[in-house]
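Undergrad: can't give you the sequence, but here's the structure:
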């Protein structure tokens, strides 16, 4: 896409945002430097509304936004259902139901430390601790790659090549000049690294709150602007308009809009040729995607290191529930915004060559006034920065608390709080450097990177992370081996030869469609390998000592396969937890879909969703009141 410079006023707004970001970080830097409890958990003194606003910001980024806009453009409201695989963030509902309070009760700083609480400080517990830390570091680096790949592509649209040549290429003349997208990715990485390093979680949370206001304002403006362009004529020419249904189709699959294949670029790698059915039967794919999302929540990971960190930092159980509800409400702003960008793209007639260019294409179309464009660019930039800083800070906590500290202690040294903060600086630098290197050398496809992380890497650890909460017999070796076999299967799929083009039996159609392996194949293969490792490890090694398990259970009070006499006094709480999970899932989905149906003038669907939203939300609200 051609580079389109902004008006000087727009650049001034973006610059003002960056100055504000740095000012907030410098303002809390002294607090963060006091020790690891402040640096990684904000001293457990951060207000619930700040944690909730930060949760919204940290789950919304330019990369994910560009991906979801592509899916909405291609498949209408069914793009929302496809994003059950990750973008809808179903773990929020699970954290609201019970997982958030379990994390708060754990009273640890990282999930690695949690492993010692669950499995003890013996060889199995320590192995589980190292495995959890390395798992989160792998995922952290992968997410950094994803964020930088999209941020470079997005920001480069607004930076003239002449600026890049003058600032970079004129000083370091190379045989191949540095692309503008590369310069933008490096600049973003250095900026986010700098303010995250000096301000810790304090800076992450308070800059996220600041950025949440920007994101919310941009979402409201785009939604209102798009609403003025919705008409029967526009809906009729929408490439994915036939799939604008709240209820997902049960049978059959989806057809990609009929475009000239020669025009198709990176976004189409997963959609192959035009007018070919895929995700068929759609209901089965939806069940796998939603099941994966719920399993992420049941594992307490949320598919990221930073999601659990918000709950380790919470003051008490009522705080957990309130921040989850606010998180959900604020995150709902994302959905009319991405739908709005898709609608504006249809109105402008852009996106058919590469839907990943819709976001910058709309912003540079001239449709949005000067000044407002700068605000929205700053908001999208803020969305990326908020996710990036959360990822860096949480990843560094595992490097320090679960790798560096145990290694130092084996040598007879107990690192001071100041020393741990300094190591956190170094860990942050290494994480960003590795992610940036991979991003610049390998990540040329945003949607491809996202799918690899969410569909291929996440399933590698979801089962062992979930079983640790719910299965009494599950031990440290089961966790370690289950995670290892899962990752081995995930990485081995990279070398899997392409499937045959013909001669496959009908029974394999859900695993191979359009000559590619489906999400169901990937999720099933990696999940099964992980399950085998979990069960094998559990029965190849002794169970966790009973007294250790009993201390863990009575501290956390989890659901699941625990001795009946332990659970006698907790049955009422467990029943309420399961009921709350159903309410939370229904409420979250209705919260996200409601503004989308309003934007599309789907009045009947909107009325039904509003009733569901009000009923389930009221029950959850009074549940919070009872827990105070």
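TA: Noted; the coordinates are in hand. Because the structure is predicted, anything quoted here is derived from the model rather than measured.
Undergrad: how about low-confidence regions in the stretch 501-628 of the chain?
TA: 501-504, 627-628 (pLDDT under 70).
Undergrad: tell me the buried residues in stretch 558-571?
TA: For stretch 558-571, burial by neighbour count (16 or more other C-beta atoms under 10 Å) applies to 558-559, 562, 567, 570. For every residue, glycine as well, the C-beta is placed using N, CA and C.
Undergrad: could you dump these into CSV with secondary structure and distance to residue 348 added?
TA: CSV is the format used below for those (DSSP: H, G, I helix; E, B strand; the rest coil; distance: C-beta to C-beta, whole Å):
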residue, secondary structure, distance to residue 348
558, coil, 51
559, coil, 50
562, coil, 57
567, helix, 59
570, helix, 57
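Undergrad: which one among these gets closest to residue 69?
TA: In terms of C-beta to C-beta, no member of the buried residues of stretch 558-571 lies closer to residue 69 than residue 559, at 37.6 Å.
Undergrad: lowest-confidence helix or strand of this protein?
TA: When each helix and strand of the chain is scored by mean pLDDT, DSSP states H and E, helix 446-451 comes last, with a mean of 63.
Undergrad: tell me what the helix or strand just after that helix is packed against?
TA: Per DSSP states H and E, the first helix or strand lying C-terminal to helix 446-451 is helix 459-470. Other helices and strands packing on helix 459-470, by 3 or more C-beta pairs under 8 Å, 6 or more residues apart in numbering; DSSP states H and E, are helix 123-156, helix 282-298, helix 476-492, helix 519-540.
Undergrad: nearest to residue 327, of the ones you listed?
TA: Closest approach to residue 327 among those (C-beta to C-beta): helix 282-298, 12.7 Å.
Undergrad: the closest residue in space to residue 280 that isn't next to it in sequence and residue 37: what is the separation?
TA: Nearest non-adjacent residue to residue 280, counting by C-beta to C-beta, 6 or more residues apart in numbering: residue 253, 2.7 Å away. As judged by C-beta to C-beta, to the nearest Å, residue 253 and residue 37 stand 51 Å apart.
Undergrad: then residue 499?
TA: Separation of residue 499 from residue 37 (C-beta to C-beta) stands at 51 Å.
Undergrad: chain center to stretch 311-322: distance?
TA: Distance, stretch centre to chain centre, for stretch 311-322: 20 Å (C-alpha atoms, centre = their mean, to the nearest Å).
Undergrad: list the buried ones in it?
TA: Neighbour-count burial for stretch 311-322 flags 311-314, 317-322 (criterion: 16+ other C-beta under 10 Å).
Undergrad: between the residues you listed, which is nearest residue 86?
TA: Proximity of the buried residues of stretch 311-322 to residue 86 was ranked by C-beta to C-beta; the top entry is residue 311 with 19.5 Å.
Undergrad: tell me the contacts of the residue nearest to residue 280?
TA: Applying C-beta atoms under 8 Å, 6 or more residues apart in numbering to residue 253 gives the contacts 277-282, 513.
Undergrad: now do residue 522
TA: Residues near residue 522 by C-beta under 8 Å, 6+ apart: 455-456, 459, 493.
Undergrad: do residue 621 as well
TA: So residue 621 contacts residue 325 (C-beta under 8 Å, 6+ apart).
Undergrad: hang on, it in a helix?
TA: Yes: using DSSP: H, G, I helix; E, B strand; the rest coil, the secondary structure at residue 621 is a helix.
Undergrad: ok so, going back, how about the buried residues of stretch 311-322 in CSV, adding distance to residue 85 and secondary structure?
TA: Conversion of those to CSV gives the following (distance: C-beta to C-beta, whole Å; DSSP: H, G, I helix; E, B strand; the rest coil):
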residue, distance to residue 85, secondary structure
311, 23, helix
312, 26, helix
313, 28, coil
314, 27, coil
317, 30, helix
318, 32, helix
319, 30, helix
320, 26, helix
321, 26, helix
322, 28, helix
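Undergrad: out of those residues, who's nearest residue 152?
TA: Comparing these against residue 152 with C-beta to C-beta places residue 313 closest, at 30.8 Å.
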